[in-house]
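Trainee: below is the sequence, then the predicted model.
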Amino acid sequence: MNPTTGEPADGSQSAATTPGDSLRHAAGPYFGAYGGRWMPESLIAAMDELNETFEAAKADPEFVAQVKDLNKNYSGRPSLLTEAKRFSQAAGGVRVFLKREDLNHTGSHKINNVLGQALLAKRMGKTRIIAETGAGQHGVASATAAALMGLECVVYMGAEDTRRQSLNVARMELLGATVIPVTAGSQTLKDAINEALRDWVANVETTHYLLGTAAGGHPFPAMVRYFHEVIGEEAREQIIAQAGRLPDAVAACIGGGSNAIGIFHGFLDDADVELYGFEAGGDGIDTPRHAATITLGKPGVLHGAKSYLMQDDDGQTIESHSISAGLDYPGVGPEHAYLSDIGRVKYEPITDTEAMDAFSLLCRTEGIIPAIESSHALAGALKIAARKIESGAKPEETIIVVNLSGRGDKDVGTAAEWFNLIDSAATVEATTDTDAKDAK
Amino acid sequence: MNNVSVNNVSKSAAAIAAARAQGRPALICYLPAGFPDVQGTIDAAVAMAENGADIIEVGIPYSDPVMDGAVIQAATVQALAQGFRVAQVFEIIKGITDRCSATVMVMTYWNPVLSMGVDEFSRRLAEAGGAGLITPDLIPDEAAEWMEASDKYGLDRVFLVAPSSTEARMKATVEASRGFVYCVSIMGVTGARTEVSDAAASVVAAAHAAGAENACVGLGVSARKHVEEIGAYADGVIVGTALVAALHDGGVPAVAKLTAELSGRHIAV
Ligand SMILES: Cc1ncc(COP(=O)(O)O)c(C=O)c1O
C-alpha cells in the first residue's frame, strides 16, 4: 500500500475506485485505501484457496442455482418488503418500508452468507466450520448450515455474550454445534474472532472459517457482500413495484457491516438514493462506551483488513460497548470505510436509548419485535424522517427503506430488563426462560 | 535475501554468522516488553544474553495477538494492564544494548507500528539500537511502507514462512526478508510443545532452496533437545513460551538457567 496515495503497492486500483465506474460489485482486495490482507502468512494459502474457489463458484451456473434454491426453499426468500404504516405515522407521516430479513429461516440476514460459505466449504472438501458470534445470530445460522450440510461446527463466543445471549447458546447446541466461551480480552466479538483465527491457523486443512460479517482479509469482505447482495436486489425491485419509484433513503445498522452492504449494494449506483449506516452509539459518543467505529475511529488494521478502527494512541484496540451484542465490535468492513470517505454513504451513531425507543415503537405500532441491532436502523430512520420534514419535504412523498436485519426473540431478556418488566418474570420466563434467568 | 542494507550489514545476520562460526545454531530468545515490568524485561534480556542468547526478541504487547497462545497472552495482558506504552519498547532496547552486546529485534503486530507511523517507528527503533522487526501479521504483499523505512534506517525485516507457504510465496518472502526468515514449525500459535513438528525441517529446506541464507525455526521450541534437533538443519532456533513461563514462575534466575540449558552452557553467575 502506498502510504500517501493509499493505492495498492502494485500500483493497481480496484475497478470500483476508478472515478465514473460503478460502485457495485467492487472486487477487492482493496476498496480505495482499505481492505487487503493484513494477516499471518500461515493463513494466506487458505485465503488464496478460498478466493479461487469463490471466483470459480460465482462463474459456475450450478453453484449459482444451488444458492438460489437454498435461498428460496430453505430460507424462504424473497423476504417481504412491508410498508409500516402505523410506524410511519410516528415518523411524521413519511412512508417507511421494512425489508423483512427477520422473516428468514433462523431469524436474520445472517443465513444468506452462511449457506453460501458452507457450500464453498464443501467445494473445498472441508469437513469442519468454525465461526465467531456476538449476538448469537451468526452462530445459530452457522450451526444451522452445518447441520443442513453435514459439517462439524464450532462456534466461538465471548463469555460476556454467552451470558447476554444464553438462549442462542442453547439454540446452537440443539443444532449440534459446540459453543466455546472465550474468556480472553473483553470477552466479546473481537476476542471471539481472535480465538477463531487461532483455531483456523491450527486446523486450516480440514476447517473453513465462516466469518459472519463483511470484514476480515480478502476475499471475505467482497464474498460476504456477494451472498447478501440479494437483499438489495430484492428490495430495489420490491420498492419499485410497491411505491412506483426508488426510495429517498435506505437505512441499515452497522456491526461489521454485512446486512448494510447487502442492502446498499442494490442502490449504490442510484445517485439520488441516500444511504445511511447507523453505528452503535452505546451510552453516547461523548462517553467512552460506544461502538461508533467510523464516526470516531481512525484507520488501522485488525482481523486482516485495513479499515476504520476504535484504537488508542498506541494502536491498541479499544473495547466497544453497545446494548446490542451484534453491533459491539470495534472494527468495520473496509468497503464501508471507503464508502464513507467518498461520501456515498453517511454513517451516524444511535445511542442505546434511541435504539430501545425505536424497538418499543415498532413492537407497539406494527406487531413486529425487531432485533436490537436492527432497532438502530429504525431509530436512524426516525431521524432521517424528522430532518427531511424539517427541510421541507412532503412526508407522504418521502420514502425510507429500513433493513430489518433480524427479529428480536433473542433480545427479549435484554429488553425486559431495559423496560423494567423483570418483576413480571413469570411471563418472561414462559417465553424465554434462559434469558430471563440471566437477566434476574 | 539481501543481508546488506543501505547503511550497514544486517545485525541479525552477523549474529547468526558468529554462531555458525562456532559450529552451532544461533539462539534467539523472546520475551514480552513490560513483563513483569520495564526494568524486569531489561534484566531478563541481559540474563539471556549472558547465558548464550545471540539475539533477543522483544515482543510489543498488543490487544489482539492472534498468533499467540495462552502463556504469552497472559504475560502481554498483564503488561498492558500495568499501563505499558509502545514507546517504552525503545527504552527497553536501549537498556539492553547499554548493558550487553546482544542483537535486539522487536516482534510486533502491525497496528501499533502503523499507529505511530512506520517511518517514525523505524527511526526510533534504529536510534535505540534495535536491529529490526519480526512481523507476524504483516506479509510482504502489504509491506511497501516498511520495505522503504527499513532500507532508510538500515533495519532487518523478518517475515514469517509456514508449512502452508507455496513455493512462489516462499521465494517472494525470502527475497523481501533481511537478516533471517522466521520458519514457523507448525500450523498453530505460540506455545511450548513436547515434540517439534516434522514440518519444521521441510520449511527450512524450502526456505534454503528459495535462497534464504538464514532460516530460523520458531513455535513450540522449549528444550535443549529441540535446539540440537533443529540445529542440525536450521541456522537458528527461536524460544518464546518456555522462557516466558520461566520468567513468570522463577523470575530472572529461572530465565538465566533455562537460557543456559538451551544454549548447552553452564549457567553464568
Ligand atoms: C440481526 C442482526 N443485525 C445486524 C447484525 C450486525 O452485523 P452486520 O453489521 O454484519 O450486519 C447482527 C450481528 O450479529 C445481527 O444479528
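Mentor: Nice, I can see it.
Trainee: tell me the secondary structure of residue A:308, please.
Mentor: strand (DSSP: H, G, I helix; E, B strand; the rest coil).
Trainee: need the pLDDT of it.
Mentor: We note a pLDDT of 98 for residue A:308 in this prediction.
Trainee: what count of nearby residues applies to it?
Mentor: 27 (other C-beta atoms under 10 Å in any protein chain shown). Every residue, glycine included, has its C-beta placed from N, CA and C.
Trainee: residues contacting the closest residue to the ligand within the stretch 51-200 of chain A?
Mentor: Nearest residue of the stretch 51-200 of chain A to the ligand, counting by C-beta to the nearest ligand atom: residue A:137, 3.3 Å away. By C-beta atoms under 8 Å, 6 or more residues apart in numbering or on different chains, the residues touching residue A:137 are A:106-108, A:110, A:168, A:326, A:371, A:406, A:410.
Trainee: contacting residues around the residue of the stretch 151-269 of chain B found nearest the ligand?
Mentor: The nearest approach of the stretch 151-269 of chain B to the ligand comes at residue B:189, 25.9 Å away (C-beta to the nearest ligand atom). If you count contacts by C-beta under 8 Å, 6+ apart, residue B:189 has them with A:198, A:201-202, B:66-69, B:219.
Trainee: can we see that at 10 Å?
Mentor: A:40, A:42, A:197-199, A:201-202, B:65-70, B:72-73, B:136, B:219-220, B:241 (C-beta atoms under 10 Å, 6 or more residues apart in numbering or on different chains).
Trainee: over to it: give its phi and psi.
Mentor: Per-residue torsions, residue B:189: phi -110, psi 180 (degrees, to the nearest 10).
Trainee: do you know the pLDDT at residue 16?
Mentor: Picking chain A for this. For residue A:16, pLDDT reads 44.
Trainee: my question was about chain B, not that one.
Mentor: In this model, residue B:16 carries a pLDDT of 98.
Trainee: residues near it, how many?
Mentor: Residue B:16 has 26 nearby residues by other C-beta under 10 Å.
Trainee: which helix or strand contains it?
Mentor: helix B:11-21 (DSSP states H and E).
Trainee: residue in the stretch 101-250 of chain B with the shortest distance to the ligand?
Mentor: Closest point on the stretch 101-250 of chain B to the ligand, by C-beta to the nearest ligand atom, is residue B:111, at 21.4 Å.
Trainee: check contacts around that residue.
Mentor: A:38, A:300-302, A:306, A:309, A:311, A:314-317, B:62-64, B:137-138.
Trainee: for it, give its distance to residue A:149.
Mentor: When distance is defined by C-beta to C-beta, to the nearest Å, residue B:111 is 36 Å away from residue A:149.
Trainee: spatially nearest residue to residue A:189 (excluding sequence neighbours)?
Mentor: residue A:134 (3.8 Å; C-beta to C-beta, 6 or more residues apart in numbering or on different chains).
Trainee: I'd say the one you found and residue A:182 touch.
Mentor: No: using C-beta atoms under 10 Å, residue A:134 is not in contact with residue A:182, being 11.1 Å away.
Trainee: between the two, who's got more neighbours?
Mentor: residue A:134 (31 against 24).
Trainee: what does the pLDDT read for that one?
Mentor: 87.
Trainee: try the one 5 residues further on
Mentor: Model confidence at residue A:139, expressed as pLDDT, equals 97.
Trainee: out of the contacts of residue B:111, which is nearest to residue B:115?
Mentor: residue A:315 (2.8 Å; C-beta to C-beta).
Trainee: quick one, what contacts the closest residue to the closest one other than its chain neighbours?
Mentor: Leaving aside its sequence neighbours, residue A:315 sits nearest to residue B:115 (C-beta to C-beta, 6+ apart; 2.8 Å). Residues near residue B:115 by C-beta under 10 Å, 6+ apart: A:298-301, A:309, A:311-316, B:86, B:121.
Trainee: which residue does the stretch 51-200 of chain B bring closest to chain A?
Mentor: residue B:115 (2.8 Å; C-beta to the nearest C-beta).
Trainee: quick one on the thing from earlier: pretty sure the residue nearest to residue A:315 sits in a helix.
Mentor: Yes: assigned with three-state DSSP, residue B:115 falls within a helix.
Trainee: need the pLDDT of it.
Mentor: 98.
Trainee: now it: how far from residue B:89?
Mentor: On the measure of C-beta to C-beta, residue B:115 and residue B:89 end up 13 Å apart.
Trainee: tell me who's in contact with residue A:92.
Mentor: Residue A:92 touches A:382, A:385-386, A:388-390, A:393, A:395, A:398, counting by C-beta under 10 Å, 6+ apart.
Trainee: roughly how far does it sit from chain B?
Mentor: 43 Å (C-beta to the nearest C-beta, to the nearest Å).
Trainee: what score does that residue have for pLDDT?
Mentor: Taking residue A:92 on its own, its pLDDT is 97.
Trainee: just the element for residue B:217, please.
Mentor: In this assignment (DSSP H and E), residue B:217 forms part of strand B:215-218.
Trainee: determine the three-state secondary structure at whichever residue of chain A sits closest to chain B.
Mentor: Nearest residue of chain A to chain B (C-beta to the nearest C-beta) works out as residue A:315 at 2.8 Å. Secondary structure state of residue A:315, per three-state DSSP, is coil.
Trainee: just checking, it touches residue B:61?
Mentor: No: using C-beta under 10 Å, residue A:315 is not in contact with residue B:61; the gap is 11.4 Å.
Trainee: neighbour count winner among the two?
Mentor: residue B:61 (30 against 25).
Trainee: next, the contact list for the more buried one, please.
Mentor: A:314, A:316, B:32-35, B:68, B:72-73, B:75-82, B:84-86, B:88-89, B:108-109, B:112.
Trainee: in ChimeraX, how would I select just the buried ones from the residues you listed?
Mentor: Buried residues within those, by 16 or more other C-beta atoms under 10 Å in any protein chain shown, are selected in ChimeraX with:
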select /A:314,316 /B:32,33,34,35,68,72,73,75,76,77,78,79,80,84,85,86,88,89,108,109,112
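Trainee: just the ones of the contacts of residue B:61 in helices?
Mentor: Applying DSSP state H to the contacts of residue B:61, the entries found in helices are B:72-73, B:75-81, B:88-89, B:112.
Trainee: out of those residues, what pair is the most spread apart?
Mentor: Going by C-beta to C-beta, the pair spanning the ones in helices among the contacts of residue B:61 furthest: B:73 and B:88, at 19.2 Å.
Trainee: so residue A:124 makes contact with residue A:52?
Mentor: Yes: the pair residue A:124 / residue A:52 is scored as a contact, 9.3 Å apart, by C-beta under 10 Å.
Trainee: neighbour-wise, which of the two wins?
Mentor: Neighbours per residue (other C-beta under 10 Å) separate residue A:124 from residue A:52, with residue A:124 holding more: 15 against 12.
Trainee: list the contacts for the spatially most central residue of chain B?
Mentor: Nearest to the mean C-alpha position of chain B, counting by C-alpha atoms, centre = their mean, stands residue B:57 at 3.8 Å. Shown in contact with residue B:57 (C-beta under 10 Å, 6+ apart): B:12, B:28-32, B:45, B:48, B:103-107, B:131, B:134, B:158, B:182, B:218, B:238-240, B:243.
Trainee: of these, buried ones?
Mentor: If we count by 16+ other C-beta under 10 Å, the contacts of residue B:57 have these buried: B:12, B:28-32, B:45, B:48, B:103-107, B:131, B:134, B:158, B:182, B:218, B:238-240, B:243.
Trainee: not counting sequence-adjacent ones, nearest residue to residue B:68?
Mentor: residue B:190 is the one closest to residue B:68 (C-beta to C-beta, 6+ apart), at 4.9 Å.
Trainee: host element of that neighbour?
Mentor: Short version, using DSSP H and E: residue B:190 is in no helix or strand.
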